[in-house]
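Participant: Sequence and predicted model, in that order:
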Amino acid sequence: MYKTTKRTLSVLVAALLAALFLPSPATAHAASGTIEEVTGFGTNPGALRMYRYVPQGLPAGRPVVVALHGCTQNAPAYGKQSGWTELADRWGFSVVLPGQSSANNLNSCFNWFQAGDIERGHGEAASIQQMTARQLADAGGSKAYVTGLSAGGGMTAVMMAAYPETYTAGGVVAGLPYGCAQAAGSPYVCMYVGAAQTPAQWGDRVRAARPGYTGPWPRLTVFHGTADTTVKPVNMADLVEQWTNVHGTDQAPDARDTVGGYPHAVYRDAGGAVAVETYEITGMGHGQPLDPGTGPAQCGTAGAYMLDVNLCAAYEMAKGWGLGG
């Protein structure tokens, strides 16, 4: 019933807009592009592959979203299934899709737990930064955002910590805080148990990744399923502690509500801006929240680790970051 109601409403809205000779928000950037591989984007010390999606006729100066796939996934499929390429057409921005290989990791996971891949100027983190810089230059953009699922979520926290001047905001989906494997002594302890750190200790790990940096720090959005047994929900709590400390605020939410029926909490900094927000997806296992369909708030295609829960994480992130205008 919920799906039918939303789709019916979407059809009615689209018909009304058409009758008024106005472009529908969902089709304002309807011209689709293609996912292409890009080479020669830098020294690529992490030996990753760069893919990107640029809607046809995209004006110069539009934002760039970097979207990192999870284990056993590949970059082009994740870009499409997560809804990011769909939203790029809808709202007008480009998407960078870094690709991992089995040569780097047998399960094609980004190495969020390897010291040589999470330090500024080294390994996979440096490769992703080079991709971002290349696309910002090609698109004439000035703002970049980073997000990812699972291991891609762990690497999202890496990019926010190691390159905070590059990314305006980040979205961690079923992921982990920066330095978690080092704090816990093992990536598996981090995933299944979490790491015993105070908020200040968590924050110090981020500050140590970019010595001397005084801000502004990226805004963080977190999505996590309460039934996730692969990356336990304690990691969302640890992310909140880490990034509220980095932003200099406490761990008490300033606002609570529900979005799509799921608990949503907002933590604001001293100036009143959103520093951290969380979406607790009750009953969801390990994966990316999606809401497939043609409605204005819908996006994504269901599949393995791509879960239809009537809420599209990519849409909520893009809307919160202001990418929808």
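Facilitator: Received, thanks.

Participant: Provide the partner residues of Arg268 in its beta bridges.
Facilitator: With DSSP bridges as the criterion, Arg268 is bridged to Val274.

Participant: quick one: it and Arg207, what's the gap?
Facilitator: According to C-beta to C-beta, to the nearest Å, Arg268 and Arg207 sit 20 Å apart. From N, CA and C alone the C-beta is placed, and that goes for glycine too.

Participant: With Gly295 instead?
Facilitator: Distance, Gly295 to Arg207, using C-beta to C-beta: 42 Å.

Participant: Which of those two has more residues huddled nearby?
Facilitator: Legend: neighbour count by other C-beta atoms under 10 Å for Gly295 and Arg207, higher for Gly295 (21 against 17).

Participant: where in this protein is pLDDT low?
Facilitator: For the chain, the stretches with pLDDT under 70 are 1-31, 325.

Participant: And the strands in it?
Facilitator: 35-38, 49-53, 64-68, 94-99, 144-149, 167-173, 219-225, 255-259, 262-268, 274-281, 288-290, 306-308 (DSSP state E).

Participant: Name the residues of stretch 312-325 that come out as buried.
Facilitator: Of the residues in stretch 312-325, those buried by neighbour count under the rule 16 or more other C-beta atoms under 10 Å are Cys312, Ala313, Ala314, Tyr315, Glu316, Met317, Ala318, Gly320, Trp321, Leu323, Gly324.

Participant: likewise stretch 255-272?
Facilitator: Those would be Gly260, Tyr262, His264, Ala265, Tyr267, Arg268, Asp269, for stretch 255-272 by 16+ other C-beta under 10 Å.

Participant: can you give me the end-to-end distance of it?
Facilitator: From its first residue to its last, stretch 255-272 covers 12 Å (C-alpha to C-alpha, to the nearest Å).

Participant: neighbouring contacts of that stretch?
Facilitator: Contacts of stretch 255-272 with the rest of the structure, by C-beta atoms under 8 Å, 6 or more residues apart in numbering, involve 240, 244, 247-254, 274-282, 291, 309-311, 316.

Participant: Of these, select the buried ones using a ChimeraX command.
Facilitator: The ChimeraX command for the buried members of those (criterion: 16+ other C-beta under 10 Å) is given here:
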select :240,244,247,249,253,274,275,276,277,278,279,280,281,291,309,310,311,316
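
Participant: before we move on, the earlier item: export the buried residues of stretch 312-325 as JSON lines, with columns for distance to Ala126.
Facilitator: Converted to JSON lines, the buried residues of stretch 312-325 look like this (distance: C-beta to C-beta, whole Å):
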{"residue": "Cys312", "distance to Ala126": "31"}
{"residue": "Ala313", "distance to Ala126": "27"}
{"residue": "Ala314", "distance to Ala126": "26"}
{"residue": "Tyr315", "distance to Ala126": "30"}
{"residue": "Glu316", "distance to Ala126": "30"}
{"residue": "Met317", "distance to Ala126": "24"}
{"residue": "Ala318", "distance to Ala126": "26"}
{"residue": "Gly320", "distance to Ala126": "28"}
{"residue": "Trp321", "distance to Ala126": "24"}
{"residue": "Leu323", "distance to Ala126": "26"}
{"residue": "Gly324", "distance to Ala126": "31"}
